[in-house]
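Asker: give me coordinates for this.
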Amino acid sequence: MDESDPTICFDQEGVCSHCLAYDRIHRELPICAAAAEQLRTIVEAIKRDGVGKPYDCIIGVSGGVDSTYVAYRVKELGLRPLAVHLDNGWNSEIAVSNISKALTTLGIDLHTHVIDWEEFKDIQRAFLLASTPDAEIPSDHAIFALLYQQATRLGLRYVVTGLNVRTETHLPAAWSQGHWDFGYIRAVHRQFGSGRIKTFPHFNFYDYVTGKRHKLAAVNVLDYMDYSKKEALVVLQRQLGWKDYGGKHFENVYTRWFQGCYLPRKFGFDKRRSHLSSRLCSGEITRAEALSELAHPPYPVAQQEADCEYVAKKLDFSVEEFSAVMAAPLRKFHEFPSYHRVVQSAGFKRVMRVYQFFKYDLLRCPRG
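Answerer: Numbers count the residues shown, from 1 in each chain. Predicted coordinates:
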């Protein structure tokens, strides 16, 4: 990590705040026999809840390492998942092939939600015009909203994710904010987009305030395993015919461009620093290996230029408009209306205090 994270700080021994946070989180995770026992208990609960249903859990698949390995291990654990994929119009051929090969081999059913491209294109254009580092938030938000919507539709309680501490902890808030905040997405679209958002999968204000989504159990299954990305790659390639796509989340063309070109060039944010730092803390790589990888561009410069042309054309930007996007002054999450801003406002806090008072009073002294 470096000064591109404006909030990074160090203790007296020179250990950065991200590594200290990783250590705290890691200490809370079960290890060895305890992890295996907890995982066994979770699996049994998922199976019980799925009795009489066509599936017992939902998993998300993108064609990437983490999600494909989750599919492999979930099936190995004897679960009956429904795989859900959001096609946002940017899938690489490798990702589509990886999903097809893996799920066919494992015998897992797939539900693919093809997003309304014109609507989604307008949202993506709006975020690039807004000039914040959060232009990937719409995809992330829609993916998780879709997972929870499908779980609710099927009467399932469990969403099994590929999120994990070992590869995804060192992420500065300044680099990416508003993942759960549809209020933010809608505000950016209203200012820089056109038309109305009608079909985009999302969490509403009630979901945001009440944590409705948390009524479903999200299981980060990889945190209960001795997960190694290197070892997972070998397993997937041998067992499922999986093919590498060259970088974390690079199975999606837009994400490849966003993480490997747009963020470093426009904001100076190289997400490899975050991913490599997490893997370094987990003992999977050495500092020398991480620094060696950072000495090279995120992916070939010629491919970056080709991706810039492709993204501009697909999102209907002229050459001049796209150049203006890349050169526009930087803006931040807090500059836009959002659910977060509403929840943090003094007026909303007063309303919630009154609500909690009367809620408690009614529970303590039931009337009628």
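Asker: residues in contact with the residue most central in space within the chain?
Answerer: Nearest to the mean C-alpha position of the chain, by C-alpha atoms, centre = their mean, lies Asp140 at 4.9 Å. Going by C-beta atoms under 8 Å, 6 or more residues apart in numbering, Asp140 touches His179. Placement of C-beta: from N, CA and C, glycine included.
Asker: is it fair to say it lies in a strand?
Answerer: No: Asp140 is assigned helix when assessed by DSSP: H, G, I helix; E, B strand; the rest coil, not a strand.
Asker: let the chain start at 21 from now.
Answerer: In the new numbering, first residue 21, that becomes Asp160.
Asker: roughly how far does it sit from Glu23?
Answerer: 26 Å (C-beta to C-beta, to the nearest Å).
Asker: and if you look at Val81?
Answerer: On the measure of C-beta to C-beta, Val81 and Glu23 end up 36 Å apart.
Asker: more neighbours: which of the two?
Answerer: More crowded of Val81 and Glu23, by other C-beta atoms under 10 Å: Val81, with 25 against 7.
Asker: go ahead and confirm that one touches Leu106.
Answerer: No: contact criterion C-beta atoms under 8 Å: Val81 and Leu106 do not qualify, at 9.5 Å.
Asker: torsion angles phi and psi at Pro192?
Answerer: phi -60, psi 140 (degrees, to the nearest 10).
Asker: give me the buried positions along the helix or strand that His360 is a member of.
Answerer: Element membership of His360, judged by DSSP states H and E, is helix 359-364. In terms of neighbour count (16 or more other C-beta atoms under 10 Å), helix 359-364 has its buried residues at 359-361.
Asker: return the list of helices and strands in contact with that helix.
Answerer: helix 202-212, helix 225-230 (3 or more C-beta pairs under 8 Å, 6 or more residues apart in numbering; DSSP states H and E).
Asker: nearest to Thr172, of the ones you listed?
Answerer: helix 225-230 (10.9 Å; C-beta to C-beta).
Asker: for the closest one, which positions count as buried?
Answerer: 227-228.
Asker: and that helix, what does it pack onto?
Answerer: Under the contact criterion of 3+ C-beta pairs under 8 Å, 6+ apart, helix 225-230 touches helix 202-212, helix 359-364.
Asker: returning to that earlier point: what sits up against the helix holding His360?
Answerer: 198, 201-204, 225, 228-229, 353-354, 368.
Asker: go on, stretch 91-105?
Answerer: Residues from elsewhere that reach stretch 91-105 (C-beta under 8 Å, 6+ apart): 59, 63, 66-67, 70, 74-82, 119, 122-123, 126-133, 166-167, 170, 174, 180, 241-242, 245, 255-256, 259-260.
Asker: pLDDT score for Ile143?
Answerer: The model reports Ile143 with a pLDDT of 98.
Asker: list the contacts of the residue nearest to it when sequence neighbours are not counted.
Answerer: In space, Ile143 comes closest to Pro158 once its chain neighbours are excluded; the distance is 4.9 Å by C-beta to C-beta, 6 or more residues apart in numbering. Residues in contact with Pro158 (C-beta under 8 Å, 6+ apart) are 140, 143-144, 147, 205, 220.
Asker: quick one: the strands in the chain?
Answerer: Remark: strands assigned in the chain by DSSP state E are 77-80, 101-107, 129-134, 178-181, 237-240.
Asker: return the most buried member of those strands.
Answerer: strand 77-80 (a mean of 26; mean count of other C-beta atoms under 10 Å).
Asker: what residues go with each domain of the protein?
Answerer: What the record gives for the chain is the domain set 37-356, 358-388, from automatic domain parsing.
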